[in-house]
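Student: Let me see the structure of the following:
(chains A and B)
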Protein chains: 2
Amino acid sequence: MTPTVPAYRRLSVEERRSQLLDAALSLFAHRAPEDVSLDDVAEAAGVSRPLVYRYFPGGKQQLYEAALRSAAEELRQCFDEPRQGPLLPRLSRALDRYLAFVDGHDTGFSALLQGGSVVETSRTTAIVDGVRRAAAEHILGHLGVRDPGPRLRMTVRMWITAVEAASLIWLDEDKQPEAGELRDWLVEQFVAVLSVTAARDPQTAALVGTLAGDGRD
Amino acid sequence: MTPTVPAYRRLSVEERRSQLLDAALSLFAHRAPEDVSLDDVAEAAGVSRPLVYRYFPGGKQQLYEAALRSAAEELRQCFDEPRQGPLLPRLSRALDRYLAFVDGHDTGFSALLQGGSVVETSRTTAIVDGVRRAAAEHILGHLGVRDPGPRLRMTVRMWITAVEAASLIWLDEDKQPEAGELRDWLVEQFVAVLSVTAARDPQTAALVGTLAGDGRD
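Tutor: Predicted coordinates for the structure are as follows:
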């Protein structure tokens, strides 16, 4: 049909799907989900409208959920950090990747987390919650805690929520302070809240001891 | 119509409205909004179905939003604390009232904050955000800060989000630890994150100095 654009035909099903999701994500990054149509996605990806509908017969809701899942997967990869070396630099590197993700997805990230979108459902909420849960598991894994008690778990989850809030405020305030400073500040807050919990919880106290030891390496 | 139940007729419009909202709130407290019908509210309030429809012709959505607004108003009142005496005991008293509210509204509180409800709209999100904003204003007011800089504001808002997360986890974990301990722990976290910010921000540093002075009273 379009022999002058051979790339159009050569993509595999998976490649095409991922090309469409990339286009959708970059649209969702700068517009509210309700303002993105399947036609917009076709245009952004430079493909025909029927092609988009063939891949996403469920329409915008299906496309939105697929894009959300793909963003969630990308976010999970931010947390992927080898379990070696001192703990706080690992956390800093994960935060660097996370803040780069927030930076790149901008409005889409806010719309996603702040909810209130017309296409928000219990399914999309579950995807976002899944990322939060994955982040908590990652952190507890890095801390080397096999069986976290309720106080340590609550502290980690509260900090993750606070980081999320910080990212939204950061986007709102023209990305001030710059990412590196925000990252250090967040890491310091993590150590501070763990130290508070340490006074109430021996498991956390042991952990804070390890973190302090790391610092002396 | 029902002369044997004179109380039924004697309520003023405002009293009746508030009675219906109380009934709705207590239903929303234990069931997801989508599982509460206007008929359920009529039954819970002991009034006729048409009466409920007369007050809420917009149906469940209107009732839900009115109940949410009334809960938001109740929440705002939790923060209402005279501006005298040492700061941290003021914060403790506000947290006591807040945790009592969370305790009393239970499932309804979770459903509200976790979103994903079928009746969630940008209007309901705005009501919840309004409460968060009011909480931040209250805290900054108590701290005696007239013109809070971005670092102090971000710290306060992050802590408020963390408190919200803590309440949800608390409900999830059968209200453990007990409210008084949770309150003290949250206050300690507040002081800890402020201290971290103090190292980066002179305004916050001055504040932390005041808090430490309070402690010596």
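Student: show me the contacts for A:Y98.
Tutor: A:L75, A:C78, A:F79, A:V163, A:S167 (CB atoms under 8 Å, 6 or more residues apart in numbering or on different chains). Glycine gets a C-beta too; all of them are placed from N, C-alpha and C.
Student: among the residues you listed, which are in helices?
Tutor: A:L75, A:C78, A:V163, A:S167 (DSSP state H).
Student: about what we covered before: just the contacts of A:Y98: which has the poorest pLDDT?
Tutor: Among those, A:L75 carries the weakest pLDDT, at 87.
Student: A:L27 is in contact with A:D40, isn't it?
Tutor: Yes. Between A:L27 and A:D40 a contact is recorded at 5.8 Å, counting by CB atoms under 8 Å.
Student: between the two, which one's more packed in?
Tutor: Using other CB atoms under 10 Å in any protein chain shown, the more surrounded residue of A:L27 and A:D40 is A:L27, with 21 against 16.
Student: Could you pull up the contacting residues of the more buried one?
Tutor: Applying CB under 8 Å, 6+ apart, the residues near A:L27 are A:V36, A:D40, A:V41, A:A44.
Student: How much space separates it from B:A66?
Tutor: 36 Å (CB to CB, to the nearest Å).
Student: and which of the ones in helices among the contacts of A:Y98 is nearest to chain B?
Tutor: Comparing the ones in helices among the contacts of A:Y98 against chain B with CB to the nearest CB places A:V163 closest, at 8.0 Å.
Student: count of neighbours near that closest one?
Tutor: Burial of A:V163 is recorded as 22 neighbouring residues (other CB under 10 Å).
Student: For B:V196, see how far away the residue nearest to it when sequence neighbours are not counted is.
Tutor: Closest residue in space to A:V163, ignoring its immediate chain neighbours: A:L186 at 5.7 Å, by CB to CB, 6 or more residues apart in numbering or on different chains. Taking CB to CB as the measure, A:L186 falls 9 Å from B:V196.
Student: who touches the spatially most central residue of chain A in this structure?
Tutor: Closest residue to the average C-alpha location of chain A: A:L75 at 3.3 Å, with CA atoms, centre = their mean. The neighbourhood of A:L75, defined by CB under 8 Å, 6+ apart, consists of A:Y98, A:F101, A:V131.
Student: if we go to 10 Å?
Tutor: Contact analysis of A:L75 by CB atoms under 10 Å, 6 or more residues apart in numbering or on different chains lists A:R97, A:Y98, A:F101, A:V102, A:H105, A:F109, A:V128, A:G130, A:V131, A:R132, A:A134, A:A135.
Student: likewise A:P202?
Tutor: Per CB under 10 Å, 6+ apart, neighbours of A:P202: A:G149, A:R151.
Student: rerun at 6 Å
Tutor: With contacts defined as CB atoms under 6 Å, 6 or more residues apart in numbering or on different chains, A:P202 has no neighbours.
Student: same question, A:L88
Tutor: So A:L88 contacts A:V187 (CB under 6 Å, 6+ apart).
Student: Just give me how far the strand or helix carrying it sits from the chain centre.
Tutor: Here A:L88, judged by DSSP states H and E, is contained in helix A:87-114. Put simply, helix A:87-114 sits 6 Å off its chain's centre (CA atoms, centre = their mean, to the nearest Å).
Student: go on, stretch A:141-156?
Tutor: 21 Å.
Student: and that stretch with chain B, contact?
Tutor: Yes. With CB under 6 Å from any CB of the partner chain as the measure, stretch A:141-156 is seen reaching chain B through A:P150, A:M154.
Student: buried stuff in that stretch?
Tutor: Using 16 or more other CB atoms under 10 Å in any protein chain shown as the test for burial, stretch A:141-156 gives A:H142, A:L143, A:V145, A:P148, A:R151, A:L152, A:M154, A:T155, A:V156.
Student: So which of the residues you listed is the closest to B:A71?
Tutor: A:M154 (24.1 Å; CB to CB).
Student: Taking the contacts of A:Y98, tell me the two that lie furthest apart.
Tutor: A:F79 and A:S167 (14.2 Å).
Student: ok, so what distance separates the residue lying closest to A:G144 once chain neighbours are set aside from chain B?
Tutor: The shortest distance from A:G144 to any non-neighbouring residue, by CB to CB, 6+ apart, is to A:T210 (7.7 Å). Relative to chain B, A:T210 is positioned 19 Å away (CB to the nearest CB, to the nearest Å).
Student: Helix or strand: which one has A:T210?
Tutor: helix A:202-215.
Student: Using CSV, write out every CA atom in that helix.
Tutor: Extracted C-alpha coordinates of helix A:202-215, given in CSV (Å, rounded to 0.1, in the frame of the first residue of the first chain):
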residue,chain,number,x,y,z
PRO,A,202,14.9,-3.4,67.0
GLN,A,203,14.7,-4.7,63.4
THR,A,204,15.0,-1.2,62.0
ALA,A,205,17.6,-0.3,64.6
ALA,A,206,19.9,-3.1,63.3
LEU,A,207,19.3,-1.8,59.8
VAL,A,208,20.3,1.8,60.7
GLY,A,209,23.4,0.4,62.2
THR,A,210,24.3,-1.3,58.9
LEU,A,211,23.6,1.9,57.0
ALA,A,212,25.9,3.9,59.3
GLY,A,213,28.6,1.2,58.8
ASP,A,214,28.2,1.5,55.0
GLY,A,215,29.0,5.2,55.4
